[in-house]
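Asker: need the 3D shape of this:
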Amino acid sequence: MEPRKDRLTFIDVMRGIAVVWMIETHVIDVVLNEWLKKGAGYGLLNISNGFVAVSFIFCAGAGFWLAAQKKVNDYKAFNPPLWIYLRRLMLILIIGYCLHLPTPSLSGLFDVPTESWMMFYESDILQCIVYTSLISLVLLLVIPRLKIVPLVFGVLAFAVFFISPWIWSWNSMSSLPAFLGALFAEPPISKFPLFPWSGYFFGGVALTALFMQSKNKSRLSWLIILSGFAISAMMINFKLLGTEYPEISNWWKGSPGHSLFRFFGTVGVFGLLYLTEKYYKNNMLGKHLRIAGQESLFLYVSHLLIVYNSMNMGIDVIFGTSLNYMQSLLIFVLITLICYTGAYYWHKLKANNIKRARLVMTVTFSVLIFFFIIT
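Answerer: Have a look, this model is predicted:
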């Protein structure tokens, strides 16, 4: 089954790599022996893991623009494509919050302590993507000319990176209702607050819009690769030299330098995957990564259910938390194969019979809601 002509394979592949590496990140974090996490090897692995969510959100921004540039007139006229898009966002948001329910039953919600509801309010990666998509949609509706989209969203991305330290210093949880305050609160309250994480989405919109407007995409890709990796290296060198941004106590959390380090590294990969697309586009690995990218939501949700809540117990209960690298790798491969198999057949079902796929999804959600109510 060939990809649709209106899709960019390298962006699907980039998203596919991100979601597969996300599974590795979560598996290793849970099962790897703690003393192995103190070594230099794990330090390098952990740095690479830091690009996973960045790439995932960046690709969401890229996908937003690829769809929006064709439907912007429909969006502005409030035609059906707008409501279809909003309905999809609402579904993703519901899934995101359902993953954070503090109890697996309706009756149990009445006994949950107030402080435990913070788990529900937390802004995770899906919440961040949905709310940033809504902000981007509003911007798209008011921007008069699409040619200035790269400039508007690029400026917005850098603004988000640089004001994040001040947003984190603001106690949003005491100033706003918990549901809204969690969108701005720094970790550990929220893993993916809008600041700085929405900046990667806005950056994905900006770069993809610029890329699609370019008449010489290969030359632009070389520029993206060279500047992306060079600036990323420059940012980490500033860190090693002890150059800190004002009022930042931890460079790795909330620092604009760290955000730029990860953003431009991701930008470099974007350009690299475009220039090398012909080498993987039609081979087996490329095809499977493309499907993984197109079904990233399926892979994201399914692996979380297995890693953290498999039959009311995560993989830490099943396999333990003191494994070596080889054992952890085998578990990562196993979980990836299980999740990808489901995603693959779900992808085929949608391609071959979309009505049946919708029926399967409706029945699945209905069964889950039924058990949530009666449990």
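Asker: buried residues in the biggest helix by length in the chain?
Answerer: If you go by DSSP state H, the chain has its longest helix at helix 40-76. Across helix 40-76, burial judged by 16 or more other C-beta atoms under 10 Å covers 42, 45, 49, 51-66, 68, 71-72, 74-75. The C-beta positions use only the backbone N, C-alpha and C, and glycine is treated the same way.
Asker: do the same with stretch 144-153
Answerer: Quick answer for stretch 144-153 (16+ other C-beta under 10 Å): 149-150, 152-153.
Asker: okay, now the domains of the protein?
Answerer: 1-38+282-375, 40-266 (automatic domain parsing).
Asker: make a markdown table out of the ones you listed and add mean pLDDT and distance to Leu273.
Answerer: Putting the domains of the chain into a markdown table (pLDDT from 0 to 100; distance: least, C-beta to C-beta, whole Å) gives the following:
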| stretch | mean pLDDT | distance to Leu273 |
| --- | --- | --- |
| domain 1-38+282-375 | 89 | 4 |
| domain 40-266 | 91 | 9 |
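Asker: just so I know, which of the ones you listed lies nearest Leu275?
Answerer: Nearest of the domains of the chain to Leu275, taken as C-beta to C-beta: domain 40-266 at 5.0 Å.
Asker: endpoint to endpoint, the closest one covers what distance?
Answerer: Counting by C-alpha to C-alpha, to the nearest Å, you get 23 Å between the two ends of domain 40-266.
Asker: what ranges do the helices span in the stretch 151-300 of the chain?
Answerer: Assigned by DSSP state H, counting those that start in this stretch, the helices in the stretch 151-300 of the chain fall at 172-175, 178-181, 194-213, 217-240, 256-275, 277-280, 284-294, 296-308.
Asker: buried stuff in the second one?
Answerer: Judged by neighbour count (16+ other C-beta under 10 Å), helix 178-181 contains these buried residues: 178, 181.
Asker: for Asn309, see how far away the spatially closest residue to Phe179 that is not a sequence neighbour is.
Answerer: Nearest residue to Phe179 in three dimensions, chain neighbours excluded: Tyr121, at 5.4 Å (C-beta to C-beta, 6 or more residues apart in numbering). Distance of Tyr121 to Asn309, computed by C-beta to C-beta, to the nearest Å: 19 Å.
Asker: between these two, point out the one with more neighbours.
Answerer: The neighbour comparison of Tyr121 against Asn309 (other C-beta atoms under 10 Å) goes to Tyr121, with 20 against 13.
Asker: so that one makes contact with Phe184?
Answerer: No. Look at Tyr121 against Phe184 with C-beta atoms under 8 Å: they stay out of range, at 11.5 Å.
Asker: intersection of neighbour lists for these two?
Answerer: Here Tyr121 and Phe184 share no contacting residue, scored by C-beta atoms under 8 Å, 6 or more residues apart in numbering.
Asker: nearest spatial neighbour of Ala60, chain-adjacent residues omitted?
Answerer: Leaving aside its sequence neighbours, Ala60 sits nearest to Ile129 (C-beta to C-beta, 6+ apart; 4.7 Å).
Asker: need the contact list for the one you found.
Answerer: With C-beta under 8 Å, 6+ apart, Ile129 has these contacts: 57, 60, 92, 201.
Asker: measure it to Val205 for me?
Answerer: Taking C-beta to C-beta, one finds Ile129 at 12 Å from Val205.
Asker: repeat that for Leu99.
Answerer: 25 Å.
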